[in-house]
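# Below is the sequence, then the predicted model.
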Amino acid sequence: TYTQGSKVYVNRSTGSDSSWGTPFVVPGPTSATSLNSDDISSLVAYTDNDGSSIGVLWSNHNSPSSMYFSHHRDSDADTSWQSVEQIYTAACAADDHINLKSLQSDSSGAIYAAVKTSFGDSGCGGSSSSPLLRLVVRKPNNSWQVATFATVGDDETRPQVLLDTSNRKVYMFATSPTSCGVIYMKSTSMDNLSFPSGKGTPFVSSSTYTCLNNVTSTKQTVNSATGLVVMASDESKLFYLHNTLDLGAPPSDTTAPTVTG
């Protein structure tokens, strides 16, 4: 998926990975055809009660300034897509920062995205307590949950989200200040979304490399066997730095064994 000429496009391979069809605009209302030049889209594969699907999430800065999502079921014709879902909307609610992940090994089909708002931009009327970075979660019934990760006062940007399937936790990372600085981390339970206030815990920082930004990690889920690793770059000294987190052993299985005679 990509945006071009104020529209959200998708394309797909046909027959082999080197043979591609003709790109087309995500079907639906004008939300996918009236974008600002700064808007972006992102793509994710997942499985839920509807079966295997491809989802596209995009921003639309133009009024009513919203984040949108649409999905295509693998069993449908290529250009047949489900109704567009409006995740949230408000003046200055959309921005062009999206990091989109799915619980690939979880049949519930939950989708998690780290996104940014424009509430801190000039002319948007936001305050220091307005949400700046958010975690949005799509449930199998097509409903969305929204949790605030950082406020305008926290001055954070470039969010990344990682899903820990062993401990059912969501980890998010972001840069503060927005120009460059330190990579901060927060986490929350998948079953009860709630981030603590403040910037979070410094996760990638250095007294030598003080202009860190653009944190990145894997597209896949993580667990107690893989651990967690993120990388960031120092924009002034042109070095990469990383840090890791041991996610621990999974909870022991206390289920009594089944004995058959």
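Yes, it's here.

# what pairs with the helix or strand that contains His71, and is each one parallel or antiparallel?
His71 belongs to strand 66-73 when assigned by DSSP states H and E. Strands flanking strand 66-73 in the sheet, each with its direction: strand 51-60 (antiparallel), strand 85-89 (antiparallel) (DSSP bridges).

# Go through those strands and pick out the most buried.
strand 51-60 (a mean of 22; mean count of other Cβ atoms under 10 Å). (C-beta placed from N, C-alpha, C; glycine too.)

# State the mean pLDDT of that strand.
Mean per-residue pLDDT for strand 51-60: 93.

# what's the distance between that strand and the middle of its chain?
11 Å (Cα atoms, centre = their mean, to the nearest Å).

# Likewise for stretch 88-105?
Averaged over its C-alpha atoms, stretch 88-105 has a centre that lies 6 Å from its chain's centre (Cα atoms, centre = their mean).

# Flag every buried residue along it.
The neighbour-count check on stretch 88-105 (16 or more other Cβ atoms under 10 Å) flags 88, 92-103 as buried.

# so where's this structure shaky on pLDDT?
Regions of the chain meeting the criterion pLDDT under 70 cover residues 105-108, 249-261.

# Go again with 80.
Counting by pLDDT under 80, the chain contains low-confidence ranges at 49-50, 104-109, 140-142, 249-261.

# what about the strands in the stretch 101-250 of the chain?
111-116, 131-138, 144-151, 157-164, 169-176, 182-189, 201-204, 212-216, 228-234, 239-245 (DSSP state E, counting those that start in this stretch).

# can I get those in TSV with mean neighbour count and distance to Gly125?
What follows is the strands of the stretch 101-250 of the chain, written out as TSV (neighbours: other Cβ atoms under 10 Å; distance: least, Cβ to Cβ, whole Å):
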stretch	mean neighbour count	distance to Gly125
strand 111-116	25	17
strand 131-138	23	13
strand 144-151	19	15
strand 157-164	22	20
strand 169-176	24	22
strand 182-189	20	26
strand 201-204	18	31
strand 212-216	21	27
strand 228-234	19	32
strand 239-245	14	37
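
# Give the closest residue to Pro131 in space, chain neighbours not counted.
Thr148 (4.3 Å; Cβ to Cβ, 6 or more residues apart in numbering).

# Report the beta-bridge partner residues of that neighbour.
Arg134.

# Next, format the strands of the stretch 101-250 of the chain as JSON lines and append distance to Met67.
Output for those, formatted as JSON lines (distance: least, Cβ to Cβ, whole Å):
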{"stretch": "strand 111-116", "distance to Met67": "6"}
{"stretch": "strand 131-138", "distance to Met67": "7"}
{"stretch": "strand 144-151", "distance to Met67": "9"}
{"stretch": "strand 157-164", "distance to Met67": "13"}
{"stretch": "strand 169-176", "distance to Met67": "16"}
{"stretch": "strand 182-189", "distance to Met67": "19"}
{"stretch": "strand 201-204", "distance to Met67": "26"}
{"stretch": "strand 212-216", "distance to Met67": "21"}
{"stretch": "strand 228-234", "distance to Met67": "24"}
{"stretch": "strand 239-245", "distance to Met67": "28"}
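
# who wins for proximity to Trp20 among those?
Comparing the strands of the stretch 101-250 of the chain by their distance to Trp20 (Cβ to Cβ), the top pick is strand 111-116, with 24.9 Å.

# Check which helices and strands that closest one is in contact with.
Other helices and strands packing on strand 111-116, by 3 or more Cβ pairs under 8 Å, 6 or more residues apart in numbering; DSSP states H and E, are strand 41-48, strand 51-60, strand 98-102, strand 131-138, strand 157-164, strand 169-176.

# Distance across stretch 9-26, terminal residue to terminal residue?
6 Å (Cα to Cα, to the nearest Å).

# List the buried residues for that stretch?
Tyr9, Val10, Val26.

# Can you name the residues in contact with it?
If you take Cβ atoms under 8 Å, 6 or more residues apart in numbering as the criterion, stretch 9-26 is touched by 1-3, 7-8, 32-33, 43, 54, 56, 58, 70, 72, 78-79, 81, 84.

# Quick one, which of the residues you listed are buried?
By 16+ other Cβ under 10 Å, the contacts of stretch 9-26 give Thr1, Thr3, Lys7, Val8, Ala32, Ile54, Val56, Trp58, Ser70, His72, Trp81, Val84 as buried.
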